[in-house]
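Trainee: Quick one, what's the 3D model for this:
(chains A, B, C and D)
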2 protein chains.
Amino acid sequence: MSDPIKVLLADDQALVRGALAALLALESDLTVVAEVGRGDEVVDRARESGADVCLLDIEMPGLDGIAAAAAVREALPGVRTLIVTTFGRPGYLRRALEAGASGFVVKDTPARQLAEAVRRVHAGLRVVDPSLATESLVDGANPLTEREREVLRVALDGGTVAAIAARVHLSPGTVRNHLSSAIGKTSTSTRAEAARVARERGWL
Amino acid sequence: MSDPIKVLLADDQALVRGALAALLALESDLTVVAEVGRGDEVVDRARESGADVCLLDIEMPGLDGIAAAAAVREALPGVRTLIVTTFGRPGYLRRALEAGASGFVVKDTPARQLAEAVRRVHAGLRVVDPSLATESLVDGANPLTEREREVLRVALDGGTVAAIAARVHLSPGTVRNHLSSAIGKTSTSTRAEAARVARERGWL
DNA sequence: TCGTGACCGTGACAGCTGTCATCTCCTGGG
DNA sequence: CCCAGGAGATGACAGCTGTCACGGTCACGA
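Mentor: Residues are numbered from 1 along each chain as shown, chains lettered A, B, ... in the order given. As a prediction, this is how the structure comes out:
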């Protein structure tokens, strides 16, 4: 039998991190060599520990899991990344694959499938949650422009147009134009609704 | 040595559920006797399995963890409940304790403390995340009335006042009055912001 | 019994929002 | 070269929103 697969775990919730470590420790061909709670520590710790596969949550402080996957791709081309996340938003899948992730699994897949996903990714295969793959095709690509996304992200907090304009350094009129455009593209009628829909689809 | 403590796990994410089971299985004095993914299955499965302690996530379909704790308290008075949740919102802690939960732990506590929390709860002790306990006192009680909460919950989706009014069966004018009152109580300036703040504080 | 407060509603008003037309500037195809 | 499209901005307009004042009902405790 060959050497065990070395795994790095990245999740901001310590309890989940420890629990996943316990779960993977049950597999004799896997070994957890590093655990981090922030996205911006992934590359350094992966290098130090000589990890083969990085399990990355998306919601993390410092750097989100998708950006961390891109950073790993850049700095350590031989290391595979597998996104493990709570939210199966179609846009996340697309962006994860664009960032060079080898796999995408949501947190409500059965526990025993996780180890298998790690093995497949390590073997150079792609692992994609099948239910999401189809949904991703149906939803199509992200229609929002960069500025529209930026404005919508700020609009999530719920402030007035004037407050949004101040935070993105634009004129209030321009902000309203971008919001109006985003409202149209999301088939909604208020900016709060548009922001919610865009977030749910992983467009932000 | 006495019999192991029988634990029921409730979390809507199968991966987290399985991982927590693996984590607790490392402790020789604990045994996971049931796992459920919905709040409304907790009481039945706890009864069947003869669980001593129920670990409950808050975000669950069917019945949320706090309501599930109340249901367990009602149907199985001898069974202790321990809330294990992602969000350390002060209002959640208060409501959890009011619902009869014996403990409240957030998911970024260290993994090894979970088993200890289970033991303490089983022994009849209260376990409360210390950082939250103080924060809960600072924030004070939920100042929103029942109607204000209802209107704010619907307002989270971001629709117009007319849409909210239709969903709660009130006149648009009344909805605006409730929203205005809620905006004042949250020290915000728009209903979207008020809804966000109220949700973050666990007031909804 | 009275006062208090939650609740529901109406009407009015200032201000904010969403939409549209229009303009300029810049960039990347064809 | 010209054109399309993103970005930034302005002005106008109808409609929506947040606020306030006011009136009414009901339940609860003093």
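Trainee: Give me the distance from stretch A:156-168 to the chain's centre.
Mentor: A distance of 25 Å separates the centroid of the chain from that of stretch A:156-168, by C-alpha atoms, centre = their mean, to the nearest Å.
Trainee: and it, which residues are buried?
Mentor: Of the residues in stretch A:156-168, those buried by neighbour count under the rule 16 or more other C-beta atoms under 10 Å in any protein chain shown are A:L156, A:D157, A:G158, A:G159, A:V161, A:A163, A:I164, A:A165, A:R167. For the C-beta atoms, the positions are set from N, CA and C on the backbone; glycine is no exception.
Trainee: ok so the fourth one is a strand residue?
Mentor: Put plainly, it is A:G159. No. A:G159 is assigned coil when assessed by DSSP: H, G, I helix; E, B strand; the rest coil, not a strand.
Trainee: ok, it - contacts?
Mentor: By C-beta atoms under 8 Å, 6 or more residues apart in numbering or on different chains, the residues touching A:G159 are A:R167, B:S189, B:T190, B:E193.
Trainee: The residues you listed: which ones sit near DNA strand D?
Mentor: Filtering the contacts of A:G159 for proximity to DNA strand D by C-beta under 7 Å from any atom of the strand leaves B:S189, B:T190.
Trainee: picking up where we left off before, out of the buried residues of stretch A:156-168, which is nearest to DNA strand D?
Mentor: Lowest distance from DNA strand D to these (C-beta to the nearest atom of the strand) belongs to A:A165, with 7.6 Å.
Trainee: Give me the contacts around stretch A:12-20.
Mentor: Stretch A:12-20 is contacted by residues A:9-11, A:35, A:37-38, A:55, A:57, A:59-61, A:84, A:114, B:15-16, B:19-20, B:22-23, B:84, B:86, B:105, B:107-112, B:114 when judged by C-beta under 8 Å, 6+ apart.
Trainee: quick revisit: wait, which of the contacts of A:G159 is closest to A:A51?
Mentor: Distances from A:A51 to the contacts of A:G159, taken as C-beta to C-beta, are shortest for A:R167 (37.6 Å).
Trainee: Would you mind measuring from the nearest residue to the closest one once chain neighbours are set aside to A:A182?
Mentor: Spatial nearest neighbour of A:R167, chain neighbours left out: A:V154 (5.1 Å); criterion: C-beta to C-beta, 6 or more residues apart in numbering or on different chains. Taking C-beta to C-beta, to the nearest Å as the measure, A:V154 falls 12 Å from A:A182.
Trainee: Can you flag which of the contacts of stretch A:12-20 belong to helices?
Mentor: Using DSSP state H, the subset of the contacts of stretch A:12-20 located in helices is A:L114, B:L15, B:V16, B:A19, B:L20, B:A22, B:L23, B:R112, B:L114.
Trainee: right, and the helix or strand after the helix or strand of chain A with the lowest mean pLDDT?
Mentor: Among the secondary structure pieces of chain A, namely its helices and strands, helix A:130-139 has the lowest mean (mean pLDDT, DSSP states H and E), a mean of 69. Of the helices and strands lying after helix A:130-139 in sequence (DSSP states H and E), the nearest is helix A:146-155.
Trainee: and A:A195, what are its phi and psi?
Mentor: A:A195 has phi and psi values of phi -60, psi -40 when expressed as degrees, to the nearest 10.
Trainee: So it sits against B:L156, correct?
Mentor: No. With contacts defined as C-beta atoms under 8 Å, A:A195 does not count as touching B:L156, sitting 11.4 Å away.
Trainee: and stretch A:91-108, does that touch chain B?
Mentor: Yes. Against chain B, stretch A:91-108 shows contacts by C-beta under 8 Å from any C-beta of the partner chain at A:V105, A:K107, A:D108.
Trainee: For that stretch, buried residues please.
Mentor: Buried, per 16+ other C-beta under 10 Å, within stretch A:91-108: A:91-97, A:99-108.
Trainee: Distance-wise, check the residue nearest to A:R38 when sequence neighbours are not counted relative to A:P172.
Mentor: Once its chain neighbours are removed from consideration, A:R38 has its nearest residue in A:G62; the separation is 4.0 Å (C-beta to C-beta, 6+ apart). A:G62 sits 32 Å away from A:P172, going by C-beta to C-beta.
Trainee: Now the residue nearest to A:A141 when sequence neighbours are not counted: which helix or strand?
Mentor: Spatially, and ignoring its direct neighbours in sequence, A:A141 is nearest to A:R94 (7.3 Å; C-beta to C-beta, 6+ apart). The secondary structure element spanning A:R94 is helix A:90-98 (assigned by DSSP H and E).
Trainee: Can you give the contact residues for that helix?
Mentor: If you take C-beta under 8 Å, 6+ apart as the criterion, helix A:90-98 is touched by A:58, A:65-66, A:69, A:83, A:85, A:104, A:128-129, A:132-133, A:135-136, A:138-139, A:141-142, A:201-203.
Trainee: Of A:V154 and A:A182, which one has the most company?
Mentor: A:A182 (25 against 18; other C-beta atoms under 10 Å in any protein chain shown).
Trainee: wait, doesn't the more buried one sit right on A:A192?
Mentor: No. Here A:A182 lies out of contact with A:A192, judged by C-beta under 8 Å, at a distance of 11.4 Å.
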